[in-house]
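Student: Mind folding the following:
(2 chains, ligands or ions: 1)
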Amino acid sequence: MKLIDTPNLDDHDAFYAELLAAHRGLSEAQSHALNAQLILILANHIGDREVLSEALALARKR
Amino acid sequence: MPYDYRSYPYVAPPGLTAPEPRHKVVVVGAGPIGLAMALELANHGVASVVLDDNNVVSMGSRAICWSKRSLEIFDRLGIGDKVLAKGVTWSVGRICHGDDEIFHFDLEREPGQKMPPFVNLQQYYVEEFLVDRAMDHPLVDLRFKNRVTALDQGEDTAHVTVKTPDGSYGLKADYVLACDGARSTLRAMLGLDFEGELFEERFLIADVEMEADFPSERWFWFEPTFHDGQSALLHRQADNIYRIDLQLGWDADPDEERKPENVVPRVEKLVGPDFELDWVSIYSFQCRRLKTFVHHRVIFAGDSAHVVSPFGARGGNGGMQDVDNLGWKLAAVLHGRAPRTLLDSYDRERVFGADENIAQSSRATRFMTPAPGVERLFRDQVLALAGKAAFAQGWVNSGRLSTPCVYPGLGPDDPHLPALTRPGSVAVDAPQGNRWLLDTLGGTVKLLAVNCTAPEGLEAETVAAELNDEVQRRYLGEAEQALYLVRPDQVIAARWVEPERRKIATAIRALWEGRP
Ligand SMILES: Cc1cc2nc3c(=O)[nH]c(=O)nc-3n(C[C@H](O)[C@H](O)[C@H](O)COP(=O)(O)OP(=O)(O)OC[C@H]3O[C@@H](n4cnc5c(N)ncnc54)[C@H](O)[C@@H]3O)c2cc1C
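Tutor: Now for the predicted structure:
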């Protein structure tokens, strides 16, 4: 597997807080829009179809 | 000036009075694909009878955008100059969200190729030029008002029953080519069905005539204010005719929407009041194909074999690539030059091509007409991002314009040579003195020697390329020399930096056998 699913982000608690803060004051529709843009931006940044496919599979896994 | 529809003469066919000798090929349908097919076969020395149930060219404008590869094929069929002279050459596309441009692209003519990336010309003109050419050609027997009503096949022959104004007659042929369009009756006669997707969306397509000086560009709007949040397209054709596509939604009533009193106000909002309505139609679109295109002695090509939504101009252009692929193969089988397995490679390669066209067209249609919910969410956010991040412009999909596919499984290849001309690709044009490379390659198997000589005694004519910047860039890259094996459809079959006689001979054999 190419996707990193083990700890990889320093200070993830702070990022998590930043993510929630970015959504503060948004309507549900606006939040969905922000999330969608975020996915697109990150997908482009990652730039690796294999990693993205694995991420999609992981997200869908129950 | 609206197009002047001539009716072509009906002539009572000989088969009405006495049985005709068995023909090599009967082409059913004189649309762009059937006509081009007959002319292409004639180029390879094969005579054919072309039957069409009608006696006028395509009513209303359907196809307008012809790709570089189609233009190259038209050129080989003898109508390239006419298409270029009459058509509108364009390369810039502008994409708007709301009423503002979010970006534009320029397909920019790559220097050193005879044909531009795209020319817009109404389908009726293309058909007219092909009909004129076919009527002049001694190897094409074009018969109007000849409708095929029945079909059966034997071991080595196919038989059609043909209805004319003077009664019915029969024709026998080695092969019948079903070029009878999206509603193919031959498909139904063989009990075959399309597989694929139908889009629940309706589009209003109108051709309007106006003395405007809109530039020769492709304009596409997502959610413009003049059309209530749906998509719209404006494109210029010959004779001051403009094509307008307006998304209507699935609930629209086609009969109501077609009425001029409903069309005119919609068009007015886009172009103002000074126009004449030339033609209007309401479409819903499918992206579907036959499972296989070769059914013993009956071979499907064009819309009878596959249909796509028009965003990307892959219908007619895809069909022209069927013509390109099938012409030399069928001729070689009929001349006894190649085994019948060569026709299996038509099936394999054009199914591959159709799948690529279907995938591209489906994705574009989905982007333009997203389902409510998450599809719509992502579509809208791609558009929102395109205004602020460069990468997202490329994700905006208003149609990926037709280019020939790269057939898989050909070779051998050499990794030192440029990807652009890898095996499976159509050879890229380049200047050669005062001629063009594609003219030099012509329609027979060639060994294209770039800065080298081909070994002696091979069953292929050698063409020595004149070395210039374009040839260097497209055919050598960093390499010193290269030898290319090119098929009659100008598809590159194999290439070597260090050519060896034995390996080339093997590749030539594989080419005629249609082996992957
Ligand atoms: C709105 C619209 C826009 C398009 N835009 C483009 C574009 O920009 N670029 C592009 O490349 N493509 C485009 N297309 C697609 C293009 O029009 C078709 O792919 C093309 O017409 C297919 O050609 P064909 O010869 O296979 O079929 P057709 O053009 O349908 O011709 C079939 C012929 O067979 C005849 N026939 C049918 N049954 C029988 C029978 N039983 N006996 C005898 N004759 C018969 C018919 O009369 C007809 O003449 C567009 C299509 C539409 C609808």
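
Student: Kindly state the domain boundaries assigned to chain B.
Tutor: B:14-88+B:121-193+B:290-357, B:419-513 (automatic domain parsing).

Student: Not counting residues beside it along the chain, what's closest to residue B:174?
Tutor: Spatial nearest neighbour of residue B:174, excluding adjacent residues (C-beta to C-beta, 6 or more residues apart in numbering or on different chains): residue B:24 at 5.3 Å. Using the backbone N, CA and C atoms, a C-beta is placed for each residue, glycine as well.

Student: and if you look at residue B:311?
Tutor: Per C-beta to C-beta, 6+ apart, closest to residue B:311 is residue B:399, 3.5 Å.

Student: ok, that neighbour - contacts?
Tutor: B:220, B:310, B:311, B:312, B:313, B:361, B:364 (C-beta atoms under 8 Å, 6 or more residues apart in numbering or on different chains).

Student: What parts of chain A come near chain B?
Tutor: A:32, A:33, A:36, A:37, A:40, A:41, A:44 (C-beta under 8 Å from any C-beta of the partner chain).

Student: Setting the sequence-adjacent residues aside, check what's closest to the third one.
Tutor: Right, the one you point to is residue A:36. residue B:381 (4.0 Å).

Student: what about that neighbour, how many residues close to it?
Tutor: By the criterion of other C-beta atoms under 10 Å in any protein chain shown, residue B:381 has 22 neighbours.

Student: Where does it fall, secondary structure wise?
Tutor: helix B:374-386 (DSSP states H and E).

Student: buried sites along that helix?
Tutor: B:377, B:378, B:379, B:380, B:381, B:382, B:383, B:384, B:385, B:386 (16 or more other C-beta atoms under 10 Å in any protein chain shown).

Student: Counting by contacts, list what that helix packs against.
Tutor: With contacts taken as 3 or more C-beta pairs under 8 Å, 6 or more residues apart in numbering or on different chains; DSSP states H and E, helix B:374-386 sits against helix A:28-46, strand B:92-97, strand B:100-106, helix B:341-368, helix B:390-393.

Student: mind listing the helices for the stretch 401-516 of chain B?
Tutor: B:437-441, B:469-471, B:501-513 (DSSP state H, counting those that start in this stretch).

Student: what does the second one rub up against?
Tutor: With C-beta under 8 Å, 6+ apart as the contact definition, helix B:469-471 has outside contacts at B:111, B:112, B:430, B:431, B:437, B:450, B:465.

Student: Next, work out how far apart the residue nearest to the third one when sequence neighbours are not counted and chain A are.
Tutor: Beyond its immediate neighbours in the sequence, the residue positioned closest to residue B:430 (C-beta to C-beta, 6+ apart) is residue B:470, lying 4.0 Å away. With distances taken as C-beta to the nearest C-beta, to the nearest Å, residue B:470 is found 31 Å from chain A.

Student: Tell me the pLDDT of residue B:470.
Tutor: Residue B:470 is assigned 96 on the pLDDT scale.

Student: ranking the contacts of residue B:399 by neighbours, who comes first?
Tutor: residue B:361 (28 neighbours).

Student: Go ahead and confirm that residue touches residue B:309.
Tutor: Yes - between residue B:361 and residue B:309 there is a contact under C-beta atoms under 8 Å: 4.8 Å.

Student: so what sits against both of the two?
Tutor: residue B:287.

Student: between the contacts of helix B:469-471, which is nearest residue B:40?
Tutor: Using C-beta to C-beta, residue B:437 comes nearest to residue B:40 of the contacts of helix B:469-471, at 19.7 Å.

Student: sec struct for the residue sitting furthest away from the middle of chain A, please.
Tutor: Distance from the C-alpha centroid of chain A peaks at residue A:25, with 19.8 Å (C-alpha atoms, centre = their mean). What DSSP: H, G, I helix; E, B strand; the rest coil gives for residue A:25 is coil.

Student: again, but for residue B:85
Tutor: helix.

Student: Could you give me the buried positions within stretch B:395-412?
Tutor: B:395-407, B:410-411.

Student: which one of those sits closest to residue B:5?
Tutor: Closest to residue B:5, out of all of the buried residues of stretch B:395-412 and judged by C-beta to C-beta, is residue B:402, at 27.1 Å.

Student: hmm, the longest strand seen in chain B in reach of the ligand?
Tutor: If you go by DSSP state E, chain B has its longest strand at strand B:167-178. No - residues of strand B:167-178 are not located near the ligand by C-beta under 6 Å from any ligand atom, the shortest gap being 8.9 Å.

Student: Show me what secondary structure element comes after that strand.
Tutor: By DSSP H and E, the next helix or strand past strand B:167-178 is helix B:185-189.

Student: residues contacting the residue of the stretch 301-450 of chain B found nearest chain A?
Tutor: Residue nearest to chain A within the stretch 301-450 of chain B: residue B:381 (4.0 Å; C-beta to the nearest C-beta). Applying C-beta under 8 Å, 6+ apart to residue B:381 gives the contacts A:33, A:36, A:37, A:40.

Student: So for residue B:197, which of the helices and strands packed on helix B:374-386 sits nearest?
Tutor: Short answer: helix B:341-368, nearest of the helices and strands packed on helix B:374-386 by C-beta to C-beta, at 6.0 Å.
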